[in-house]
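J.: structure of the sequence below:
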Amino acid sequence: MSHGDGDHERYAHYVQKDKIMESALSGSPVVALCGKVWVPGRDPKKYPVCPMCKEIFDGMGAGGDKDKGKDGSGKK
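T.: So this is what the prediction gives:
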């Protein structure tokens with residue numbers, strides 16, 4: 001798992017929507033599909049989608065978790 005280092009900071013990541021809301025209320029970190037762990041704190045619309053998250057999400061197909069959402073952060 002990554003903990004906020006490297007190229008992960010340049011992307012918006014896919015995270016379960018309920019986890020994003022929980023993090024917003026509690027300040028607890030979230031885990032993206034690619035394994036990045038962080039506390040969301042920036043506008044994900046300003047960053048390209050993480051290629052690894054996108055690949056994993058696309059591979060889930062119709063049976064994937066529909067509650068996955070896009071969120072990005074660089075806040076450590």
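J.: contacts, neighbours, all on C-alpha from now
T.: Will do.
J.: buried sites along the helix or strand hosting residue 21?
T.: Assigned by DSSP states H and E, residue 21 belongs to helix 17-26. For helix 17-26, the neighbour count (16 or more other Cα atoms under 10 Å) marks 19-20, 23 as buried.
J.: what helices and strands are in contact with the very next helix or strand once past that helix?
T.: On the C-terminal side of helix 17-26, the closest following helix or strand by DSSP H and E is strand 30-31. Applying 3 or more Cα pairs under 8 Å, 6 or more residues apart in numbering; DSSP states H and E, we find strand 30-31 packed against helix 17-26, strand 37-38.
J.: where does this structure have its least confident helix or strand?
T.: When the helices and strands of the chain are scored by mean pLDDT, DSSP states H and E, strand 68-72 comes last with a mean of 51.
J.: disregarding residues adjacent in the polypeptide, which is nearest to residue 37?
T.: Here the nearest residue to residue 37 in space, its sequence neighbours aside, is residue 31; by Cα to Cα, 6 or more residues apart in numbering that works out to 4.6 Å.
J.: distance of that neighbour relative to residue 53?
T.: Separation of residue 31 from residue 53 (Cα to Cα, to the nearest Å): 11 Å.
J.: again, but for residue 29
T.: Applying Cα to Cα, the value for residue 29 to residue 53 is 17 Å.
J.: just residue 61 next, same as before
T.: From residue 61 over to residue 53 (counting by Cα to Cα), the distance is 13 Å.
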